[in-house]
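Participant: structure for this input, please:
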Amino acid sequence: MMLCRVFSCLFLLGLSSASEEDVLVITSSGPIRGKRLMTDSGAVTAFLGIPYAEPPVGELRFQKPRPHQPWNHTLSATSFGNTCHQGGIELPGYRAEQNSESTLSEDCLFLNVWVPHPRPSVPAPAFVWIHGGGFLNGSGSVDRSFLAATENIIVASMNYRLGALGFLSLPPEAPGNAGLWDQHLALSWLRENMAAFGGDPTRLTLGGQSAGAASVGFHLLSPASQALFDQATLQSGAAISPWAWVRPEEAMNRGRTLGRFLGCAEGDDRAVVRCLRKKDPGEMMKDLPILSHKTLLGFPFVPTTDGEFLPDAPSKLLEAGQFLDKPILTGFTRDESTIFLAGNAPGFSLYNDSLINYEQLLEGLRLMVPEAPEVIIKAAATIYSQEEQGEERYRNALIKASGDYFFLCPVAVVATRMAEAQSLAFAYSFTHQPSFVTVSDWVGVPHCAELPFLFGDPLSTSGYTEAEGTLSQRVMKYCRIVNGFAYVLQNIPCYLIKARKSKLAKS
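Facilitator: Purely as a prediction, here's the structure:
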C-alpha cells in the first residue's frame, strides 16, 4: 500500500512538472501564470484578470481605451479582476451575468481565458463571449471553465465599461461608444495572443446574449472590427433592437440631463464632461430619470452613431449591405419579453396570472412604442388579440407584440438581410421552459432562459432535471460553431430566403 502511494505521488509530481509549461504563457504584453481547475467534465487552465487596457480613470474617463503597458515580471492571472461599476436593473426573475465577490472599480478592463487541459493536439477554436445586461450591468468575471472542458475549445470573456462611464456621448470630450471600443481592444488582444494559449486565431467566434448580442451586431457593422473575428453568435439581441441604440442627438440630450442631475453647469458640453470626470463613478450609475419618457424596455446610456466605430445608424448600414460577410447563428427564446412586462407593464406580476383588460393592453402598447400614433396602437391590439376579447387573450397579445418588437423582429431582419446578401445565416428558437422558472406559468420561456444550458449549468450544478442535462449537451454543441458551420450545423436548415419568405430553423 505504501509503495502504491509513493508511485502515485511520483506520478502526480511528474504530471505537474510536465504540464507546468501550459500554466505559464508568454503574451505580447508579458508572461502570465494561470491556474489549473478541475470540472466535472475535465481539467482546464484558467487565466483570469488579465489587464488589456490602462485604467480608464482621470482624463481617460469617457475616452477610448489605451492598450495596457507591457510588463516584465510574470503576472499572476489566478483570480478575476475588478468588475466595472454597475447600474441596477430591477426586474423580477432577472438573472444578471455577475460576480458578487468581485470589487467594483473604474479600473476594471480585464479579460479571462479558459484553456482545455491537456491542450488539444492541434490549435483549438476559440469562443469569445460578451456579457449582456442592457449596457448597464453584468460582468465577464463568471466561470466558463465547464464549457471549455466539455467542448475542448478555448473560451474567453471580458469586462467593458457600462452605463454613462461606457456610453456617455458628448463629443469631442466624450466621443461615445467607449464600451464598444473596450470590447474591440480586448478582442484585438485575444486575436493577437490566441496562438500563445494553444488556440487557432483563424477560428475565433464572437458571441453574446442580449446587450452582448447587440454588441456583436455592432462589431458586424463596424469597419474597425473586420479582422478581429471569423463568425458570430447573437442570442436575443441585435444592433437594430430598439433598446440597443439611440440617435446622436438623443444620446447627447441624455448626457446633458445626467450633468444637470449631478450639478454640472449647463450650456457647454466640454465643461459638462470635465465636471462629470470629477464625480464619483458611483454617482453616474444611480437610477436617475434620464429617459425622456417611460418605456417597457429602455436603458439610459447605449451605443450611438459616432462616425468611427459606427459610421451611420445600424438600420441604414444593414439595409445598405454594409456589414461584415461572416457566418452567423442568431435566435431568441419563445417568451422574450415576459420578465420586462412583469417589471413595467400595467397589470403584470410574476405572482399572479397577470390577466389584463383592454385598456391595460393599450397602455402596454403605448409604453412599448411611445412615439406610435393611437391608430397604430389600436390596430396592433386588434391584430395581436386576433380580434377576440378576454383578459387572457389581452395578456398574451402584449407578450407576443412586445416580444416581436423588442427581440424577434430585429433578429429576423438581421438574418434575412444577411441571407439575402449570400452570407451564411442560421437561426434558432429556444422553446424549453427551464425548471428554475418557478413563478407563474405565463412567464413561459423568458429572456436569458437558454444561458444556463449554453454554459453547462444543468450538468455541473444541482437543481436541474436529467432531461435538462441532455438539452444542455445539445446547446453546448452550438459552441462548436467555431469548428465550422458545415460540421456543427449539418443537420440544421440554413436560414432560407425564397420569394422573400424566411424560414426559422427551430431546435
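
Participant: identify the residue nearest Pro201 in space, chain neighbours excluded?
Facilitator: Counting by CB to CB, 6 or more residues apart in numbering, Met194 is the residue found nearest to Pro201 once chain neighbours are left out, at 4.2 Å. C-beta: built from backbone N, CA, C; applies to glycine.

Participant: test my guess that that neighbour contacts Leu204.
Facilitator: Yes: contact criterion CB atoms under 8 Å: Met194 and Leu204 qualify, at 6.5 Å.

Participant: which neighbours do these two share?
Facilitator: Contact criterion CB atoms under 8 Å, 6 or more residues apart in numbering; residues shared by Met194 and Leu204: Ala126.

Participant: the residue nearest to Pro201: how many residues sit nearby?
Facilitator: Met194 has 23 neighbours, counted by other CB atoms under 10 Å.

Participant: low-confidence ranges in this structure?
Facilitator: Within the chain, the segments meeting pLDDT under 70 span 1-21, 89-96, 479-507.

Participant: could I get the phi/psi values of Pro65?
Facilitator: phi -70, psi 150 (degrees, to the nearest 10).

Participant: and it, what does it touch?
Facilitator: Residues near Pro65 by CB under 8 Å, 6+ apart: Tyr52, Ala53, Glu54, Pro56, Leu109, Ala178, Trp181, Asp182, Leu185.

Participant: so what's it closest to, chain neighbours aside?
Facilitator: Nearest to Pro65 is Ala53, by CB to CB, 6+ apart, at 3.8 Å.

Participant: same check on Leu111?
Facilitator: In space, and not counting its chain neighbours, Leu111 is closest to Met158: 4.1 Å by CB to CB, 6+ apart.

Participant: the strands in the stretch 1-150 of the chain, which residues?
Facilitator: 24-26, 31-33, 35-39, 42-51, 75-76, 110-117, 124-130 (DSSP state E, counting those that start in this stretch).

Participant: packing partners for the longest one?
Facilitator: It refers to strand 42-51. Applying 3 or more CB pairs under 8 Å, 6 or more residues apart in numbering; DSSP states H and E, one finds that strand 42-51 contacts strand 35-39, strand 110-117, helix 145-151.

Participant: count the neighbours of Glu359 for me.
Facilitator: Neighbour count of Glu359, defined by other CB under 10 Å: 11.

Participant: secondary structure element for it?
Facilitator: If you go by DSSP states H and E, Glu359 is part of helix 358-368.

Participant: which residues sit against that helix?
Facilitator: Contacts to helix 358-368, defined as CB under 8 Å, 6+ apart, come from residues 294-297, 341, 344-348, 356, 372, 377-378, 380-381, 385, 389, 394-395, 397-398, 401-402, 405-406.

Participant: Ser210 and Glu101: what is the separation?
Facilitator: Separation of Ser210 from Glu101 (CB to CB, to the nearest Å) stands at 23 Å.

Participant: okay, the two: which has more neighbours?
Facilitator: Taking other CB under 10 Å, Ser210 and Glu101 do not tie; Ser210 has more neighbours (27 against 9).

Participant: next, the closest residue to that one other than its chain neighbours: phi, psi?
Facilitator: Of all residues beyond its chain neighbours, the one nearest Ser210 is Gly132 (3.1 Å), with distances taken as CB to CB, 6+ apart. Torsion angles at Gly132 (phi, psi; degrees, to the nearest 10) stand at phi -100, psi -170.

Participant: shouldn't Gly132 be in contact with Ala211?
Facilitator: Yes: with contact defined as CB under 8 Å, Gly132 reaches Ala211; the gap is 4.5 Å.
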